[in-house]
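Novice: predicted coordinates and the sequence they were generated for:
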Amino acid sequence: MKRRTLSLFFLSAAILYFSALGTIPLLEPDEGRYAEIPQEMLASGDFVTPRLNGVVYLEKPPLYYWGTAASLAAFGENEFGARGFAAAVSVAGILITYWMGASLAGWRTGLYSAIVLSTSFYYYVIGRLNTLDMTLAVLLALSIFPAFLYHSGKRESRAYLLLSYGASGLAFLTKGLVGVVFPLAIMVLWLVFSRRYREYAKGFSPVGMGIFLAIVLPWTFLVQRENPDFLWFFFVHEQFLRYTTKIHRHSEPFWYFLPIVAAGFVPWAAFLRRVVLVVREASRVFFPRDDLALLLSWSLFILLFFSFSGSKLPTYVAPIFPPLAVLFGRGLDLWAEREDGTSRCRFPFAFSVVLAAAIVVAPSYSRYRVEPAAWAWATAAPVALILLWGAIPLFMRRLGAERVVLLSFLVLALFLTSVNRPAGLFLGGYKSVKDLSLSLRGILHPEDALAQYGTFRPGLPFYTGRRTILVDMTGELKFGADRAADRADYFLGDREFLRLWNSPRRVICLFNRDAMPLIKEKFPDHRLLYRSDEGILIVNRH
């Protein structure tokens, strides 16, 4: 029973995370950026210095780019290839979360923890996006938890400690110093809260340091040799100043991440009240003090760290979802053990009705409209499935709590898969440049110039396979643009672009969706190629 249940779950989770992976076009700007950089690596053969739109781009280390490049090479330069590595890492994160729960409280807690994580809205969405944060989250878990097992005495083999060092090195190659700071700080906090002050030296390993440096130093040395400004830009500008200042214009209030975390556990948040009540009643068997100290230190430190940051994005808190899922999974396990069927479980159904209504009316509250008949057809399956999920707990007396949890996983897996179609219909109309790029097929010739005016959409060079000229825009490319030998050809001011526009060369240019007044003023002789919420494409001559 145990082996079959786990085998079916992990197979289902893998299918869930790879299904419909190419349904939604790459979203701007992150997914376009993190697809274009590996694409350029494959084209150039240079896997040391990342490049975006042809210029050096050193904001992040290369591990995620390498993984995505391998996925693009294996599955093709498309949405599935761009997201394949992220999906594989996310499945690994589900396995690690099971391992965490099973190690701390038994296989059923591990299973419920993995179920909650894999079918929670946040983990599913972020885990299938072409971004770095889920890779960081999984590697941090692989660094923190083995170190805890060794320090706590649950595992005596030093291999766990060496695994922690190695995973920390890989986390550094994913997103920099947080790959070192987070595991170290969380373990120090755990030592303090568990009153193991004198055991700090137990975590030091010369062999582990050697493994860490063997992972980190080769790329750091090579990229610094090729880019003399790397150390300052990467460690000072991108690590220290990003955290302490608002230079990246992602400033948000201190409480910004709280609603994200709460909404991130939808729809399982519908069971939160029952979980809290059973944990209160069974606090003595919830988790041992040391284990609870680890999970809380892990979650709260990262949440507070990013809450104090001058730069905030929703993806930053991905590393706290595995430990929170273990806390939730343990609560579900205790509830399933104690539920006798005498109480009715109606709230999930009411919650599902609210979610179904939100899905139906979502486009009405956006400036980006979707044709109502198309939306109704696309959302029929998600609405039916989320209502079915809400109805399952109504049969608690007949099914039992354990079957309710397992059936909920299966229905939610189908629900999340079905959501991809309406999400692609809605987001593809304004958050991606795929349709816009496809409109250039048969029109864009090798000798033509492809430009972007006052904007930079990384997905355009990815989908077209062409480097683009940027006009009155450097943005995130400023570091590379300032050092580019061909800056004069690919980073133009308004006057230089007008000269190019009026030259004999054929020029196709992308503008923001609201730029038509500017186009009519500066380019009165333009010919319109494409216009939608994605942007406006014009050409100077046929």
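Specialist: Structure received. In this text the structure is predicted, and so the values were computed from the model without any measurement. Numbering: from 1, shown residues only.

Novice: relative to Asn227, how far out is Val48?
Specialist: 9 Å (C-beta to C-beta, to the nearest Å). C-beta here means a position set from N, CA and C on the backbone, and glycine is covered the same way.

Novice: which neighbours do those two share?
Specialist: Common contacts of Val48 and Asn227 (C-beta atoms under 8 Å, 6 or more residues apart in numbering): none found.

Novice: which one of those two is surrounded by more residues?
Specialist: Asn227 (18 against 14; other C-beta atoms under 10 Å).

Novice: for the more buried one, what are its contacts?
Specialist: Taking C-beta under 8 Å, 6+ apart as the test, what Asn227 contacts is Thr49, Val56, Leu58, Arg483.

Novice: just those: which are in strands?
Specialist: Among these, the subset assigned to strands under DSSP state E consists of Val56.

Novice: which among the contacts of Asn227 gets closest to Ser168?
Specialist: Set against Ser168, the nearest of these by C-beta to C-beta is Leu58 (21.0 Å).

Novice: residue ranges in the stretch 401-542 of the chain under the pLDDT threshold?
Specialist: Within the stretch 401-542 of the chain, no stretch falls below the threshold (pLDDT under 70).

Novice: all strands for it, in order.
Specialist: 449-453, 469-471, 491-492, 507-511, 527-532, 535-539 (DSSP state E, counting those that start in this stretch).

Novice: other SSEs contacting the second one?
Specialist: For strand 469-471, the helices and strands in contact under the criterion 3 or more C-beta pairs under 8 Å, 6 or more residues apart in numbering; DSSP states H and E are strand 449-453, helix 487-490, strand 491-492, helix 494-501.

Novice: tell me the domain ranges of the protein?
Specialist: 339-427, 434-539 (automatic domain parsing).

Novice: ends of the last one, what's the gap?
Specialist: Distance between the boundary residues of domain 434-539 (C-alpha to C-alpha, to the nearest Å) amounts to 18 Å.

Novice: what pLDDT is listed against Arg128?
Specialist: Looking at Arg128, its pLDDT stands at 98.

Novice: that older thread, who wins for proximity to Arg242 among the helices and strands packed on strand 469-471?
Specialist: strand 491-492 (23.2 Å).

Novice: each with direction, which strands does the closest one pair with?
Specialist: strand 469-471 (parallel) (DSSP bridges).

Novice: now find how far off-centre the partner strand is within its chain.
Specialist: 29 Å (C-alpha atoms, centre = their mean, to the nearest Å).

Novice: what sits up against that strand?
Specialist: By C-beta under 8 Å, 6+ apart, strand 469-471 touches 53, 449-454, 456, 477, 481, 489-494, 497, 500, 509.

Novice: which among the residues you listed count as buried?
Specialist: 53, 449-453, 456, 477, 481, 490-492, 497, 500, 509 (16 or more other C-beta atoms under 10 Å).

Novice: residue ranges of the strands in the stretch 251-400 of the chain, please?
Specialist: Under the criterion DSSP E, counting those that start in this stretch, the stretch 251-400 of the chain contains no strands.

Novice: which stretches of it have low pLDDT?
Specialist: Filtered on pLDDT under 70, the stretch 251-400 of the chain yields the residue ranges 341.

Novice: quick one, what contacts the residue nearest the centre of the chain?
Specialist: Geometric centre of the chain, nearest residue: Ile126, 3.5 Å, by C-alpha atoms, centre = their mean. Residues in contact with Ile126 (C-beta under 8 Å, 6+ apart) are Asp133, Met134, Pro314, Thr315, Ala318.

Novice: go with 6 Å
Specialist: Met134, Thr315, Ala318 (C-beta atoms under 6 Å, 6 or more residues apart in numbering).

Novice: from those, pick the one nearest Tyr368.
Specialist: Closest approach to Tyr368 among these (C-beta to C-beta): Thr315, at 21.7 Å.

Novice: quick check: phi and psi at the residue nearest to that closest one when sequence neighbours are not counted.
Specialist: Among residues not flanking Thr315 along the chain, Asp133 sits closest, at 3.9 Å (C-beta to C-beta, 6 or more residues apart in numbering). With angles defined as degrees, to the nearest 10, Asp133 sits at phi -70, psi -30.

Novice: does Asp133 really touch Pro314, like I thought?
Specialist: No. Under the criterion of C-beta atoms under 6 Å, Asp133 is not in contact with Pro314, lying 9.0 Å apart.

Novice: wait, isn't Phe75 in contact with Gly84?
Specialist: Yes. Here Phe75 reaches Gly84: they are 5.3 Å apart, a contact under C-beta under 6 Å.
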